[in-house]
Every structure is written in C-alpha cells, then in structure tokens.
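Engineer: Fold the following for me, if possible:
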Amino acid sequence: MGSSAGEVIGVSDGEGDCAEWVFPAAPDAVRTARSLVRRTLGEWRLDGVADIAALLVSELVTNALRHATGPIGVRLVRSPAAAAAAAGVDGVLLVEVSDPLPDPPRERVARPDDEDGRGLQLVASAARRWGTRPGEAGKTVWFELALPR
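Structural biologist: Numbers count the residues shown, from 1 in each chain. Coordinates of the predicted model:
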C-alpha cells in the first residue's frame, strides 16, 4: 500500500521554538516538507527566510529520497535571542534533514547541462553555516540561516 499524498509519519509541530516532522520516503515528501516549513515559519513570523528555507529543505529532501529508502526527518529550531546574540547574530534558524543512510553527502561541481548535483552547492552558498553529522541510524544534514531583526 503506497503512501498517501502529504503523509507525515510523525510530527512534533510548532511547540515553541522547535518543529519536526518525519516523512515516508515517497515523492510527495518534498512538496509536503516545503509546505510545512513555509507554514511554520509564517506562524513564527519568519516570512523573510521562508522562501530560502523551503528551497533548501526541498533540495535536501530530494537528495535523501534519491539515495535513501527509509523515513526522512525535517526539524526547524529557532534559537533563543540570547544564544544568537552570543554567536554575534540577531537570530538563527537551524534546519536539519535526516535520513537513514550513513554516507555523508558529497558536494560536487555540476556542469551547466547537468540536471542535478546543485543541492549542496545551493545550501553552501545560501546558508550562514552548514554541515553533516552521523546519527544513531543514518545522518543529518543541517544548515543555519541568519534571521532578520
């Protein structure tokens, strides 16, 4: 039995400064993740970063779908002002995309006629910082966006 459109396996939505979802490894995951990221950032009054956050999440979820077969997690964390100030910024949005594949993603240089291979380049150029870390089962690719005042 296939996954229905927009299915979310698990959700811990919008409580305070953290929202997270788990999606089945199905093509609908990209559109659903993008929509939930936009909606949540709108509720948090962070519309100024909603477009870029949704775009980068789309790229990372697409990468996860291309290579992994298990569930894909997406997590948004808005850092408290005090922690952000200590880091020398007005605020930071941390975005994490997790999948069950342990291999870290490889950034590659896409040729002009390549149809893919630009996801990590886009993340690297648009995010304040980004990276990967191993998880209990798989890995997490994360990035930070500076928040406007």
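
Engineer: Show the contacting residues for A126.
Structural biologist: The contact partners of A126, taken as CB atoms under 8 Å, 6 or more residues apart in numbering, are I52, L55, L56, F143, L145. Heads up, the C-betas are built off the backbone N, CA and C, glycines and all.

Engineer: Enumerate every residue touching the third one.
Structural biologist: By CB under 8 Å, 6+ apart, L56 lies in contact with V95, L122, V123, A126, A127, F143.

Engineer: In terms of helices and strands, where is V141?
Structural biologist: According to DSSP states H and E, V141 maps onto strand 138-146.

Engineer: Could you list every helix and strand that that strand packs against?
Structural biologist: With contacts defined as 3 or more CB pairs under 8 Å, 6 or more residues apart in numbering; DSSP states H and E, the secondary structure elements packing on strand 138-146 are helix 47-67, strand 92-99, helix 119-126, strand 129-135.

Engineer: pLDDT of the one helix or strand G73 maps to, averaged?
Structural biologist: Under the criterion of DSSP H and E, G73 resides in strand 72-78. For strand 72-78, the mean per-residue pLDDT is 94.

Engineer: what's the angle from it to strand 129-135?
Structural biologist: 130 degrees (axes from the mean of the first three to the mean of the last three CA atoms, to 10 degrees).

Engineer: Adjacent strands (with direction) for strand 72-78?
Structural biologist: Based on DSSP bridges, the strands next to strand 72-78 in the sheet, each with its direction, are strand 18-23 (antiparallel), strand 92-99 (antiparallel).

Engineer: how much does the shortest one deviate in direction from helix 47-67?
Structural biologist: Our comparison of strand 18-23 with helix 47-67, counting by the same axes, to 10 degrees, yields an angle of 30 degrees.

Engineer: Quick one: low-confidence residue ranges for this structure.
Structural biologist: Counting by pLDDT under 70, the chain contains low-confidence ranges at 1-16, 80-90, 105-119, 149.

Engineer: Name the residue closest to the centre of it, please.
Structural biologist: Nearest to the mean C-alpha position of the chain, counting by CA atoms, centre = their mean, stands V57 at 3.7 Å.

Engineer: sorry, back to before: which residues sit against the strand holding V141?
Structural biologist: The contact list for strand 138-146 (CB under 8 Å, 6+ apart) reads 49, 52-53, 56, 60, 63, 68, 70, 73, 89-105, 123, 126-133.
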